[in-house]
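Asker: Make a model of this:
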Amino acid sequence: MTNQSPLDNVESWRECFESPSIRRLFSGLESFRWWLREHREKLTHQGVLFKHRGQWHVIRPDFDQAVIRIMQDQTLTTLPHGMDELAQAA
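Answerer: Okay, the predicted model is just below:
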């Protein structure tokens with residue numbers, strides 16, 4: 001059994017982008033960077049994004065859950081339009 005430190009869950013935002021699960025959601029590094037800027041306040045309040053020595057870091061897997069929550073909230077705000085598209089596609 002290994003003793004994993006909570007610090008093992010800390011990654012730079014660039015390291016985070018290299019994971020397949022994050023790359024699946026964002027078309028490129030700049031897209032991910034823009035998304036982080038747009039949601040920085042929410043992510044820092046949720047305690048999953050912080051700045052240390054001038055560099056932004058994320059805490060995983062909590063960061064991943066926060067990304068899902070934010071995207072779900074965004075979906076709910078556009079749901080009536082999104083539901084029309086789903087109905088037309090059926």
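Asker: so the closest residue to residue 11 other than its chain neighbours bridges to which residues?
Answerer: Of all residues not flanking residue 11 in the chain, residue 58 sits nearest, at 5.7 Å (CB to CB, 6 or more residues apart in numbering). Where you see a C-beta, it was placed from the backbone N, CA and C, and this is true even at glycine. Assessed by DSSP bridges, residue 58 has beta-bridge partners residue 11, residue 49.
Asker: list the contacts for residue 58?
Answerer: Taking CB atoms under 8 Å, 6 or more residues apart in numbering as the contact definition, residue 58 lies against 10, 11, 12, 13, 16, 43, 48, 49.
Asker: Identify the residue nearest the geometric centre of this structure.
Answerer: When CA atoms, centre = their mean is applied to the chain, the residue found nearest the centroid is residue 67 (3.3 Å).
Asker: what helix or strand is that one on?
Answerer: Here residue 67, judged by DSSP states H and E, is contained in helix 62-77.
Asker: Output the lowest mean pLDDT helix or strand found in this protein.
Answerer: Sorting the helices and strands of the chain by mean pLDDT, DSSP states H and E puts helix 79-89 at the bottom, at a mean of 60.
Asker: where are the low-confidence patches of this protein?
Answerer: Low-confidence segments of the chain (pLDDT under 70): 1-2, 79-90.
Asker: Next up, the contacts around residue 43.
Answerer: 36, 49, 58, 63, 66, 70.
Asker: I should have written residue 67 there, sorry.
Answerer: For residue 67, the contact set (CB under 8 Å, 6+ apart) comprises 22, 25.
Asker: that older thread, ok, now how distant is the residue nearest to residue 11 from residue 46?
Answerer: Look at residue 58 and residue 46: by CB to CB, to the nearest Å, they are 11 Å apart.
Asker: do the same with residue 54
Answerer: 21 Å.
Asker: neighbour-wise, which of those two wins?
Answerer: Taking neighbours as other CB atoms under 10 Å, residue 54 and residue 46 compare with residue 46 leading, 16 against 5.
Asker: That one is in contact with residue 73, isn't it?
Answerer: No: Residue 46 lies out of contact with residue 73 (CB atoms under 8 Å); the separation is 12.0 Å.
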